[in-house]
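**Student:** 3D, please:
(chains A and B)
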Amino acid sequence: MHQYLKNKECPLLSEDVLAELKNNGIKTVLAFLSRDSEALIHACSLTYQEVVSVKKVLFAKYSALPCSATDLLDQPSVAPLASGCDRVDGLLGGGLPAGDLVELCGPSAVGKTQLCLAWAAAALLAGARVLVADAKCEFSVARCRRLLRRRGRSAQECDRLLERLQYAQVFSMQELLALLEAVRSRRRLHAGLRLLVVDSLAALAAPLLASPGFIGFGLLTDVGTTLKSVAAECRLTALVTNDLVQSEPGGGERPALGLAWLHVPHHRLLLSRETSTAPGPLAQPPRAGPRRTATLAKSISAPCGTSADFLVTGAGVEEAPTAQKRSAPED
Amino acid sequence: MTGRACRQVAMLACDSSPCGESGRQLLARLAPRPDLGSVLTELCPHHPVPGDIVEISGPGGSGKTQLLMECVAAALSCDSTSAVVLLDTDRHVRMPRLLQLLQRHLPSAAAARSAASRLELLTATSSQQARVALEALLARLEEHAGVLLLAVDSLSAFYWSDRHALGRVGERADAWYRQLGQQLVRLAGRGRLVVVATRHSLSAGATGWHHMGAEWAAAVTRSVCLRPQQGAVEATLRMVARTEDAAPPPPSLWKRRFVITDEGVRWLEVRADSE
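**Tutor:** Okay, here's the model as predicted:
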C-alpha cells in the first residue's frame, strides 16, 4: 500500500537524506512525489537537480503503466475459446474472450464445473495450456480425458494433451494469490496458457467475508485485480465459478461474495436448471430436470439478457433440443 | 548570499526551463480551450467547461464504463489536436470498442485511428500506482497542454483492498481517498481539464455514504447516477450551478433513459425536472 522511501530506490537517497526527510514527515514515495521540488530542497540536503532526478526515478518505478491506444489496437487478436455448444458460446460472442474475466454463477449441481471442463477440453484440443485452481476437489481430470476421447482422440493423444493441463489444489485465498502471482511472474514457463479456471471462488472467499478488518473483502479485491491483470497480460481467459445467495428474505437470488465482487468480472453467466414434478397421486418434491439455462447477466461487449438452453451429456455440453423435440439426454 | 538564495539560483540554473516556462508553454497554457462540443450534450444542455468534474456512479453492469468511453470518444473527436488521458483501474475499457465509437463521430477509419493515437492510457494495478500517475500528470501539466479530458475508470476499484491494507497499519481509508479527490480537483483546476470519473456503488441502498468524502462530493459539478430499469438504464443528472456562471442557473435535475447498442449509447427520451 504505502511504499516507504528506501536507499535502494535511488543512490541519491542516502541514509542521511532519508533521515532528514523523515524528520520533515516525508517517509513514503507518494509523500515525496506530492511535495513541490522547492519544498523538498528545504527539507533535505539534495539540490534541485538531484530532487528532479529522484522524482524521475520514482515516477518511472511506481507510476501506472502508460501505453498507446494504437499499440493495443495493433495487437494480434486471439480467437474466442468455444466449448462446442454454439448457443452458449454465442452469448459471449463466439466463446470465452481472451483477456477477460468470466464468471459462471449458479446454484449447486447446475453445471458450472461441467462447463469449465468443456472449455478446458476445448482449449487442450486447440493446442493450448490450461491451469486449474481447484478449491472443491470437484474438477475431474478423468472426466476431461473422457471428453477428449469422445472427440475422437486416441488414448495416447489424450495423455499427451493432458500433459498441458496443470492442476493445483488451493485451499485459501492466499494460496490462490500466490498461484496467480507465479503465473504472472513466470510467463515464459506458462507460455501458451489460454485458460485459467478457479473452481470455486465462493468456496475460498465466503469463509473470510465475515472476518474483522475487511480481510475477506480486501483479499477478494486483490484476487479480482490479479485475475484481470493476468488475463490481460497473458491474453488468456480467467474463468471463475461462484454461488448464488438469497438477497433478502422473500427476495430474489444474487451472486455471492457481495457488492465488493459484483462489479469485478467482465462477463457474468447466470446458470439455472429446470425443475419438474413427477406426476402421480402422491405429492412429490420437485426434481431437477436435465435442461439448464445460461443467461448473460453482465458483459462489457455483448447484449445482456440473452439466454441459451443446454444439456450436460457424456460428450460434454450440448445444445438442448427445442421443447417439441425433447429427448432423453445421455448423462 | 544566503543558503536559500543560493538554492534558488541553482534551481533557476539547473531547471530545464530556466525562466519558469517557455513561450510555447505559456501560449499553450493561456490559449483558449477547444469547445468540448458534443461531450455530454446528451446528458445536459450546458457543455462542461475546463475545471468541471463529472462523476458517473451506479451498480455493476449499469453502463458507467460505456458512458465514460462515449465521453472519451467525443473529446478525441472534437478537435484534431485534442488529447485525452484515461486512467484505467478496472480494466473494463476496450480499445476496439473505443475505435467503433470514434468511427461514429469521424468520417473515416483512418481519422478514427488518428484520434485514438491521441489517447494516453495509464493502467494501474493498485491505488498507489494510480495516485503516483496523477502526481506525474500534475508535475508535467505544461507537457499535457493539449489534454482536454481526464477520464478515470474507476475511483473505487481498490477500495476494499486499501481499507484492509491501511487498517493493518492503523490508518484510515477516508484520508487516502480524500487526498485522491484533492489530486483530481487540482488537475481539473490547474490543468484546465474536464475530469470524468466513474464510481461503483459500494453500499446497498441509498445511504448517501460516499467513500471519496464530502470534499469530493462538493467539488463534483455534475453527478450522474445510473440505475438499471426495465431493459434500459435510467440516468439521473444533478448539476451544480457554479458561482462564476454568467447565465441563470439551469434546472438542476434531469432524468434520461438510455440503452447500450453496438453503435454505442442510444438515448430514449429526456425529462427535465426542477428541484
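
**Student:** what's near enough to touch the residue in chain A positioned nearest to chain B?
**Tutor:** Using CB to the nearest CB, A:G218 is the residue of chain A that sits closest to chain B, at 2.7 Å. In short, each C-beta sits where N, CA and C put it, glycine included. By CB atoms under 8 Å, 6 or more residues apart in numbering or on different chains, the contact list for A:G218 reads B:160-161, B:163-165.

**Student:** Using the three-state scheme, assign it.
**Tutor:** With DSSP: H, G, I helix; E, B strand; the rest coil as the basis, A:G218 sits in helix.

**Student:** pLDDT score assigned to it?
**Tutor:** With respect to pLDDT, A:G218 scores 91.

**Student:** Which ones among the contacts of A:G218 map onto strands?
**Tutor:** Of these, none are assigned to strands by DSSP state E.

**Student:** so which of the residues you listed is the most crowded?
**Tutor:** Ranked by neighbour count under the definition other CB atoms under 10 Å in any protein chain shown, the contacts of A:G218 are headed by B:W160 with 26 neighbours.

**Student:** Setting aside sequence neighbours, what's the nearest residue to that one?
**Tutor:** A:F217 (3.8 Å; CB to CB, 6 or more residues apart in numbering or on different chains).

**Student:** now swap in B:E263 and tell me
**Tutor:** B:E263 sits nearest to B:R104 (CB to CB, 6+ apart), 6.0 Å away.

**Student:** try B:A173
**Tutor:** Sequence neighbours aside, B:R163 is the residue nearest to B:A173 in space, at 4.2 Å (criterion: CB to CB, 6+ apart).

**Student:** what's the burial count for residue 237?
**Tutor:** Just going to use chain A. Neighbour count of A:T237, defined by other CB under 10 Å: 27.

**Student:** that answer is for a different chain, and I need it for chain B
**Tutor:** B:L237 has 21 nearby residues by other CB under 10 Å.

**Student:** A:E138 in helix, strand or coil?
**Tutor:** Put simply, A:E138 is coil when judged by three-state DSSP.

**Student:** Same check on A:P265?
**Tutor:** State at A:P265, reduced to three classes by three-state DSSP: coil.

**Student:** Surely it touches A:L296?
**Tutor:** No: in this structure, A:P265 is not within contact of A:L296 by CB atoms under 8 Å, at 11.5 Å.

**Student:** Could you check which of those two is surrounded by more residues?
**Tutor:** Shown here are A:P265 and A:L296; by other CB under 10 Å, A:P265 has more neighbours (30 against 21).

**Student:** how about the closest residue to the more buried one other than its chain neighbours, what does it touch?
**Tutor:** Of all residues not flanking A:P265 in the chain, A:E103 sits nearest, at 4.0 Å (CB to CB, 6+ apart). By CB under 8 Å, 6+ apart, the contact list for A:E103 reads A:239-242, A:255, A:265, A:267-269.

**Student:** where exactly do the helices run in the stretch 101-250 of chain B?
**Tutor:** Using DSSP state H, counting those that start in this stretch, the helices assigned to the stretch 101-250 of chain B run over residues B:109-116, B:127-139, B:159-168, B:173-190, B:214-219.

**Student:** The ones you listed into a markdown table, with extra columns for mean pLDDT and distance to A:L65?
**Tutor:** A markdown table is the format used below for those (pLDDT from 0 to 100; distance: least, CB to CB, whole Å):
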| stretch | mean pLDDT | distance to A:L65 |
| --- | --- | --- |
| helix B:109-116 | 93 | 18 |
| helix B:127-139 | 93 | 8 |
| helix B:159-168 | 86 | 18 |
| helix B:173-190 | 91 | 19 |
| helix B:214-219 | 87 | 25 |
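
**Student:** If anything else comes up later, I'll come back, but that's it for now.
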